[in-house]
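1. have a look; sequence and predicted model below, questions after that.
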Amino acid sequence: MSARQRGVAAITAILIVAVAASAATIMLAQQSAMVDQATLISSRAQADMYARAGLDWARGVVMQDTRSSNNVDSLDEAWAQPIVGLPVDRALITHAHGDHARWGSRQYLGAREGELVLRTRLGPAAAIETVPFGEPVVINGVRVSFHPAGHILGSAQIRVEHAGQVWVVSGDYKTEPDPTCTAFEPVRCQVFITESTFGLPIYRWQPPRETQQAHERIGQNRKL
């Protein structure tokens with residue numbers, strides 16, 4: 001190969017690398033913009049849900065006041081009381097992620113499968129009680145049980161039964177099997193309160209098996 005041919009080959013290689021680097025940069029910028037857009041859309045959707053929840057709560061309080069006040073209002077009525085927040089005497093925990101398991105409550109109740117994760121999250125001083133999946137606990141006449149949600153280790157849907165009504169609070173959940181935790185279990189109920197953090201159509205996830213294979217390949221490359 002002549003010097004001229006080698007020079008052309010070197011320049012061609014440099015151009016190919018430059019084009020590939022530019023394409024990768026553009027793709028990363030587009031992906032970053034999509035993530036930012038998704039975050040904004042999710043934040044706006046959550047804000048809308050908070051606003052609707054506030055309106056629904058206010059509507060319920062006003063209706064209750066209309067039925068019970070006899071046209072007389074006082075600061076002892078429900079509409080004048082602050083909304084109770086954390087801490088609480090007994091917190092029922094769906095899973096140990098920080099936006100679902102918060103410090104400061106007097107007692108915690110969760111699924112046994114996630115006990116170690118929950119204790120790691122809340123610390124050794126937290127009063128934590130756990131029960132196996134499906135085992136009912138009666139609290140003030142209300143029958144409560146935890147059922148697999150398939151989200152992370154120990155994640156649970158909380159089934160609440162009282163006076164013939166069954167409500168289920170999902171927490172975060174995933175319907176596809178995941179090797180890291182017990183698979184999601186459908187729970188029959190009259191009312192299902194569902195998380196929808198990633199419910200927007202912009203979110204698309206790879207099957208768990210493909211994600212696991214990608215992690216295994218990364219681990220193998222690190223060993224090399």
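-> Now that the structure is in, tell me what you want to look at.
2. wait, a strand at Val166?
-> Yes. Counting by DSSP: H, G, I helix; E, B strand; the rest coil, Val166 falls inside a strand.
3. who are the neighbours in contact with it?
-> Arg159, Val160, Arg188, Cys189, Gln190, Val191 (CB atoms under 8 Å, 6 or more residues apart in numbering). Quick note: C-beta positions are derived from backbone N, CA and C, even for glycine.
4. can you give the distance of the lengthiest helix in the chain from its chain's centre?
-> Identified as the longest helix of the chain according to DSSP state H is helix 3-68. Mean C-alpha position of helix 3-68 versus that of the full chain (CA atoms, centre = their mean, to the nearest Å) differs by 18 Å.
5. buried residues in stretch 190-200, which are they?
-> For stretch 190-200, a neighbour-count test (16 or more other CB atoms under 10 Å) marks Glu195 as buried.
6. helices and strands around the helix or strand containing Glu216, which ones?
-> Using DSSP states H and E, Glu216 falls within helix 208-223. Taking 3 or more CB pairs under 8 Å, 6 or more residues apart in numbering; DSSP states H and E as contact, there are no helices or strands that helix 208-223 lies on.
7. quick one: contacts of that helix?
-> Glu176, Pro177, Asp178, Pro179, Gln206.
8. how about stretch 171-183?
-> Stretch 171-183 has contacts (CB under 8 Å, 6+ apart) with 94-95, 97, 100, 113, 133, 148-158, 184, 194-195, 197, 207-208, 212.
9. picking up where we left off before, need the max-distance pair from the contacts of Val166.
-> Val160 and Arg188 (13.1 Å; CB to CB).
10. neighbour count winner among these two?
-> Neighbours per residue (other CB atoms under 10 Å) separate Val160 from Arg188, with Val160 holding more: 18 against 8.
11. center of this structure - which residue?
-> By CA atoms, centre = their mean, the chain has its centre lying nearest to Asp172, at 3.8 Å.
12. ok, the contacts of Val166 vs Leu40, which is closest?
-> So of these, ranked by how close each gets to Leu40 (CB to CB), first place is Val191, at 30.7 Å.
13. now do the contacts for the closest residue to that closest one other than its chain neighbours.
-> Among residues not flanking Val191 along the chain, Trp167 sits closest, at 4.4 Å (CB to CB, 6 or more residues apart in numbering). By CB under 8 Å, 6+ apart, the contact set of Trp167 is Arg159, Val160, Glu161, Cys189, Gln190, Val191, Phe192, Ile193.
14. give me that answer again for 7 Å
-> Val160, Cys189, Gln190, Val191, Ile193 (CB atoms under 7 Å, 6 or more residues apart in numbering).
15. again, but for Leu122
-> Counted by CB under 7 Å, 6+ apart, Leu122 has contacts Ala101, Trp103, Tyr108, Ile128.
16. make CSV out of those and add pLDDT.
-> Below are the contacts of Leu122 laid out as CSV (pLDDT from 0 to 100):
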residue, pLDDT
Ala101, 92
Trp103, 86
Tyr108, 97
Ile128, 97
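17. tell me the two of the residues you listed that are most distant?
-> Trp103 and Ile128, at 11.8 Å, using CB to CB across the contacts of Leu122.
18. between these two, which is the more surrounded one?
-> Of the pair Trp103 and Ile128, Ile128 is the one with more neighbours under other CB under 10 Å, namely 18 against 13.
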